[in-house]
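A.B. asks: dropping a prediction and its sequence here:
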Amino acid sequence: MSVPRTVPFEAVFDAIPVGLGVVDAEGRIVLMNRAFRDSLALPSDGIPPGTPVEEAVRASALRGVYGPGDPDAQVKAVMAPDRSLPGRLRRRTFAGKSHDLFNTPLPGGGYVVSAVETTALLAARADAETALSRTATALITLRIGLAVFDAQHRLLLVNPSFTALFALPPDRLPVGTSLEAMLALMETRDEFAGPDGLAFVSALRRAAAGQSWAARRLRADGRSIDIMVDSLPDGGCTIAVNDITPQAQAEDESRRRALLLQMVLVNVPHGICVYGADHRVAMLNDNYNQIMAGEPLKVGDSLSDAIRRRAKHGEYDGGDPEVIIASQMAYNITRAQQHRRVRPDGAAIDVRTAPMPDGGHISVVTDISALVQAEAELRRQADDMITMLDNIRHGIMLWDADRRLVASNRVAGDLLNLPPGALVAGQSEAEVIAALAAAGHFGAAGPDARMMRALFVLDRSIPIGREVVTPSGRILFAQSNPAPNGGWISTLSDVTQMRRAEQELRRAKDLAEAANLAKSRFLATMSHELRTPLNAIIGFSDAMAQENGDLPAGLIAEYSGQINNAGKQLLSLINIILDVARIENGQFEPGGDVVEIFRLIQAVVRQVDAAAQEAAVAITVQLHGALPHLRCDEKQIAQALFQLVSNAVKFTPAGGAVAIEAGLTPEAEIFVAVADTGIGIPAADQERVFEPFMQLDASLSRRYPGAGLGLFIARAILSAHGGQLSLTSEPGAGTTARITLPKARIVTVGAS
């Protein structure tokens, strides 16, 4: 590449709009152009030439450029890559701009670091690139070592550069160390061995006694350092150490710059073309023609001719070449510009221009095809993520550390029954909670609801999960989990069907337990009720058999009667059990007899009269007007009435009374009420007595036998006829059982 003598290399290098930094084979910073310094927000003398890269990195680490952590480990991590190989790094500067750092090795050692600003290209990925910004800040560092001593010459402050420049172990200079102890430590170090080193330490000891002093020393490793001692008003002093090796080697470095610049332009991975004030190519590197393949340039070509040739080959998306030339030449080259375009071969390029001091300008082109493809892939992945989130069955909401909604999927709004637009990115938690209140999620209390107030004080730094019921009755499991950025993620899962299934399982379990309890009650009751008649049958039949026919006729008749009564009782129990089986199987259908209700009541009273007389219980019957006939199953209704009347007699003490009333209700329904003055039933047991085999008196010494099925069968009979059976009772005050039969059962006498 030829460089005209009229254009100094330094001017060209400093005008390149791409940041360039050159490091020699010994790891020292040789030069750095304005764009590179601007990328680091540094003044023109921010990092003087000759600064060791490791020293610059260490100073940056100590200043926190790489974030929290062990500075030595950070330095090792930064210095670890092999600089003899090409590489790329991305960082963000203090100003919030992103740059790509390209490492290009140079022949004979050393390397070039180029910084290309990619802020506009990476704006959407700024959060993911924060780690790279620490790498950029590592280049902003202080080179001066400083130690401060108080009036008693005790160490108040020391920075790592001080110990590094004096070759002292950092752990041997804690705060509080005396100046004399530090000087004694220096005398034991190899860096200060020999007469020259001991004389330097002695001079430093004298200077620290209270006078300003400055000296320059050549270190054993060849570096030059300046040492300055200044007194403080309080009697203390400061010792500053500065590495001035670059200044000492400035003349040698200046001779090497031209050659290094030439090597940089040849090896930098960007196309660079410099135009003079006459809009002709003044210089360019080989990479420029490689990136702009198809239309090569050479020194002396005019900008307008280059644009015309490229326009003919479709470089600018077609059109009139003259119009394209006028448009391209109209760009304001007096200020830096940047744009991207896609070349005819499909390659995406980033084009940057910047003015030159002589009135010309420089153009830098970079192949960014890989970056464009990566961005397209990121957009595709983002679209896929949105599609996935909108089609999963769970609602998801992401919140930031400021309690604002970052993103949510459609399902979240659907599960919460919120209108469109209620969950928009940027809304505060208070606004979303207000929308939930408006949708009725906190009940009639609205903003004063306890649950609503509790949401504002939830600790989102710990996982939280609970179930909520929406106004529509949907059951949601709402969970909050902390996010790494200080916010949290809210997830909503519809568990309505699951909870309903659990309820069904619990109901089935309760039914199974009830059935098991009923079976136990049945076995306990039947073991008693069946044993009584069977004992009578077996006992009397055994007595008759043992007499071998010698029993008197009167005893035979008595024994036979007892056996007959026991058999009837046993048959009655079996019939009752069969009735229960038919009821539970849904096969309990009433007949269609036409029955006179008063006659039916009289028949029942006659059946229980003997038991009532034996128990000294009076039975009265009262009719409220003439009663119509009923179409019903006479046997079943009689059985139901018998159960009620016999129960009333059974549980009424001697001297008590049972009153039977019958009539019509105001709704023209027939009712029959059986009221007793017996022991009564507690309120908690008034529904339990209708369960099969239920007996509140569980002892085997009941006054009357019973299977605990009477009220169960009676209610089943009334239900089959469309009627009702209810109890009202109070312990010690008696019980009233009331039957009602619908008026649809009333028939006119003689009707078929």
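C.D. replies: Cool, got the structure. Residues are numbered from 1 along each chain as shown.

A.B. asks: mind giving me the packing neighbours of the helix or strand hosting residue 545?
C.D. replies: With secondary structure defined by DSSP states H and E, residue 545 is part of helix 531-546. If you count contacts as 3 or more Cβ pairs under 8 Å, 6 or more residues apart in numbering; DSSP states H and E, helix 531-546 packs onto helix 553-584. Where you see a C-beta, it was placed from the backbone N, CA and C, and this is true even at glycine.

A.B. asks: ok, then the element right after the helix it packs on?
C.D. replies: Past helix 553-584, the next helix or strand by DSSP H and E is strand 593-596.

A.B. asks: parallel or antiparallel, which strands does that next one pair with?
C.D. replies: Its sheet considered, strand 593-596 pairs with strand 629-632 (antiparallel) by DSSP bridges.

A.B. asks: going by neighbour count, list what's buried in the helix holding residue 545.
C.D. replies: 533, 536, 537, 540, 544 (16 or more other Cβ atoms under 10 Å).

A.B. asks: do the same with stretch 298-312
C.D. replies: 301, 303, 306, 307, 309, 310, 311.

A.B. asks: report all helices and strands that the helix or strand hosting the third one contacts.
C.D. replies: The secondary structure element spanning residue 306 is helix 303-312 (assigned by DSSP H and E). When contacts are defined as 3+ Cβ pairs under 8 Å, 6+ apart, helix 303-312 packs onto helix 321-329.

A.B. asks: and the helix it packs on, what does it pack against?
C.D. replies: helix 303-312.

A.B. asks: what does the helix it packs on contact?
C.D. replies: 275, 279-281, 295, 297, 316, 319, 321, 324-325, 328-329 (Cβ atoms under 8 Å, 6 or more residues apart in numbering).

A.B. asks: give me the mean pLDDT for it.
C.D. replies: Helix 303-312 comes out with an average pLDDT of 84.

A.B. asks: and the angle from it to helix 321-329?
C.D. replies: If you take axes from the mean of the first three to the mean of the last three Cα atoms, to 10 degrees, helix 303-312 sits at 130 degrees to helix 321-329.

A.B. asks: returning to that earlier point: may I ask which two of the buried residues of stretch 298-312 are separated the most?
C.D. replies: 301 and 311 (14.6 Å; Cβ to Cβ).

A.B. asks: closest one of the buried residues of stretch 298-312 to residue 498?
C.D. replies: residue 310 (66.6 Å).

A.B. asks: where's the closest one relative to residue 500, distance?
C.D. replies: 71 Å (Cβ to Cβ, to the nearest Å).

A.B. asks: which residue is the nearest non-sequential neighbour of residue 741?
C.D. replies: Computed as Cβ to Cβ, 6 or more residues apart in numbering, the closest residue to residue 741 that is not its neighbour in sequence is residue 723, at 4.2 Å.

A.B. asks: tell me the confidence at residue 140?
C.D. replies: 30.

A.B. asks: the stretch 251-400 of the chain: strands as residue ranges?
C.D. replies: Listed in chain order, the strands of the stretch 251-400 of the chain (DSSP state E, counting those that start in this stretch) span 271-275, 281-284, 337-342, 348-355, 361-367, 395-399.

A.B. asks: list the contacts of the last one.
C.D. replies: Pointing back at strand 395-399 there. So strand 395-399 is in contact with 389, 405-409, 411-416, 423, 429, 460, 483, 487-493, going by Cβ under 8 Å, 6+ apart.

A.B. asks: report the rounded mean pLDDT for the next helix-or-strand element following it.
C.D. replies: For strand 395-399, the succeeding helix or strand toward the C-terminus, using DSSP H and E, is strand 405-408. The pLDDT scores in strand 405-408 average 84.

A.B. asks: neighbouring contacts of strand 405-408?
C.D. replies: Taking Cβ under 8 Å, 6+ apart as the rule, strand 405-408 contacts 395-400, 423-429, 432, 487.

A.B. asks: which among the residues you listed end up buried?
C.D. replies: 395, 396, 397, 398, 399, 400, 423, 427, 429, 432, 487.

A.B. asks: ok, what's across the strand from the fifth one?
C.D. replies: According to DSSP bridges, residue 405, residue 488 are recorded as the beta-bridge partners of residue 399.

A.B. asks: ok, the first one next?
C.D. replies: Taking DSSP bridges, one obtains residue 492 as the residues bridged to residue 395.

A.B. asks: thinking again about what came up before, do you know how far the residue nearest to residue 741 is from residue 604?
C.D. replies: 16 Å.

A.B. asks: neighbour-wise, which of the two wins?
C.D. replies: Each of residue 723 and residue 604 has its neighbours counted (other Cβ atoms under 10 Å); residue 604 has more, 25 against 22.

A.B. asks: residue 170 against residue 160, yeah?
C.D. replies: Yes - contact criterion Cβ atoms under 8 Å: residue 170 and residue 160 qualify, at 6.1 Å.

A.B. asks: next up, phi/psi of residue 22, please.
C.D. replies: phi -120, psi 130 (degrees, to the nearest 10).

A.B. asks: following the least confident helix or strand in the chain by mean pLDDT in sequence, what is the next regular element?
C.D. replies: Least confident element among the helices and strands of the chain, by mean pLDDT, DSSP states H and E: helix 130-137 (a mean of 38). Following helix 130-137 in sequence order, the next helix or strand is strand 144-149 (DSSP H and E).
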